[in-house]
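> Below are the sequence and a predicted model; questions follow.
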Amino acid sequence: MLFDTHVHLNADQYKEDLEEVINRALNEGISRMVVVGFDRPTIERAMELVEKYDFLYASVGWHPVDAIDMKDEDLLWIEELASHPKVVAIGEMGLDYYWDKSPKDVQKEVFRRQIQLAKKVKLPIIIHNRDATADIVEILKEEEAKEVGGIMHCFSGSPETAKECVEMNFYISLGGPVTFKNAKKPKEVAEAIPLEKLLIETDCPYLAPHPYRGKRNEPSYVKLVAEQIAEIKGISFDEVAEATTANAKKIFGIN
């Protein structure tokens with residue numbers, strides 16, 4: 001059994017064949033998935049999906065690229081949704097310095113407010129980081145995010161940063177890039193971080209693993225991520241599957 005901790009089955013890319021995509025995942029042994037909503041339309045769609053499928057859960061938050069669009073009522077709405085039994089995390093949230101739609105100070109403020117909300121509703125947080133590692137670590141420390149912990153989603157930093165995040169009560173989630181031939185850092189992280197602190201994800205429809213790189217990603221491919229981690233660590237696929245599923249259930253509070 002595998003647990004894909006980060007999917008966007010609420011994306012337009014699955015409008016035509018969602019049922020087939022879900023069935024392929026179930027057939028490959030992916031028993032649970034967290035659908036991540038990061039703005040009004042994607043959160044609404046995530047909530048529709050978790051109502052329909054018992055093996056899907058939701059995370060609700062506001063993406064840093066769109067931080068400038070977030071209004072007070074959006075945060076209140078996210079707080080209301082947090083009490084839904086299928087909502088297991090707040091996010092994805094964080095900082096994205098690659099795109100410049102939202103100014104850095106606005107991103108930081110929206111990030112801090114969501115951490116504060118997560119602490120209020122007692123849910124873990126899912127972190128999106130692009131070219132902003134130092135500021136993210138600083139804010140997580142200042143806001144004492146350790147209290148709720150969470151997930152460093154599709155982690156692309158160094159083993160040193162990964163260890164720092166683990167010390168702050170965060171799991172390190174690896175996706176498709178760990179399978180890329182030229183991806184040195186994710187492979188080093190997979191080796192350095194103990195299995196009890198690792199999670200697996202696809203971030204589908206993005207970041208498809210080898211040999212599907214560049215194509216639409218889907219949850220069934222998370223198996224390739226688990227296989228790569230097993231190879232790097234020199235352990236069995238079953239060990240990786242069992243540990244990462246147990247870790248996901250623990251952080252999301254799923255029995």
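Noted; the coordinates are in hand.
> Helices of the chain, residue ranges please.
In the chain, the helices defined using DSSP state H lie at 18-27, 40-52, 72-81, 104-121, 133-142, 159-167, 184-192, 222-233, 237-252.
> Flag every buried residue along the last one.
Residues Val240, Ala241, Ala243, Thr244, Thr245, Asn247, Ala248, Ile251, Phe252 are the ones in helix 237-252 that count as buried (16 or more other C-beta atoms under 10 Å). In this view, the C-beta of every residue, glycine as well, is placed from N, C-alpha and C.
> Just give me the closest of the residues you listed to Ala58.
Phe252 (10.3 Å; C-beta to C-beta).
> on that earlier part again, between the helices of the chain, which one is nearest to Val178?
helix 184-192 (4.1 Å).
> Dump the closest one to CSV, restricted to CA.
Output in CSV follows, covering the C-alpha atoms of helix 184-192 (Å, rounded to 0.1, in the frame of the first residue of the first chain):
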residue,chain,number,x,y,z
LYS,A,184,22.0,14.9,-7.2
LYS,A,185,20.4,16.7,-4.2
PRO,A,186,17.1,14.7,-4.0
LYS,A,187,19.2,11.4,-4.1
GLU,A,188,21.5,12.7,-1.4
VAL,A,189,18.5,13.6,0.7
ALA,A,190,16.9,10.2,0.2
GLU,A,191,20.1,8.6,1.5
ALA,A,192,20.7,11.0,4.4
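> what's the model's confidence in it, averaged?
Average pLDDT, helix 184-192: 98.
> Give me the neighbour count for the residue lying closest to Arg24 once chain neighbours are set aside.
Spatially, and ignoring its direct neighbours in sequence, Arg24 is nearest to Ser220 (4.3 Å; C-beta to C-beta, 6 or more residues apart in numbering). Residues contacting Ser220 under the criterion other C-beta atoms under 10 Å number 21.
> Could you tell me how far Ser220 is located from Leu9?
Distance of Ser220 to Leu9, given as C-beta to C-beta, to the nearest Å: 12 Å.
> Spell out which residues are contacts of both of these two.
Listed as contacting both Ser220 and Leu9 by C-beta atoms under 8 Å, 6 or more residues apart in numbering are Val21.
> ok, back up a step: got JSON lines for the helices of the chain, with distance to Val65 too?
Converted to JSON lines, these look like this (distance: least, C-beta to C-beta, whole Å):
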{"stretch": "helix 18-27", "distance to Val65": "24"}
{"stretch": "helix 40-52", "distance to Val65": "12"}
{"stretch": "helix 72-81", "distance to Val65": "15"}
{"stretch": "helix 104-121", "distance to Val65": "8"}
{"stretch": "helix 133-142", "distance to Val65": "14"}
{"stretch": "helix 159-167", "distance to Val65": "21"}
{"stretch": "helix 184-192", "distance to Val65": "22"}
{"stretch": "helix 222-233", "distance to Val65": "24"}
{"stretch": "helix 237-252", "distance to Val65": "24"}
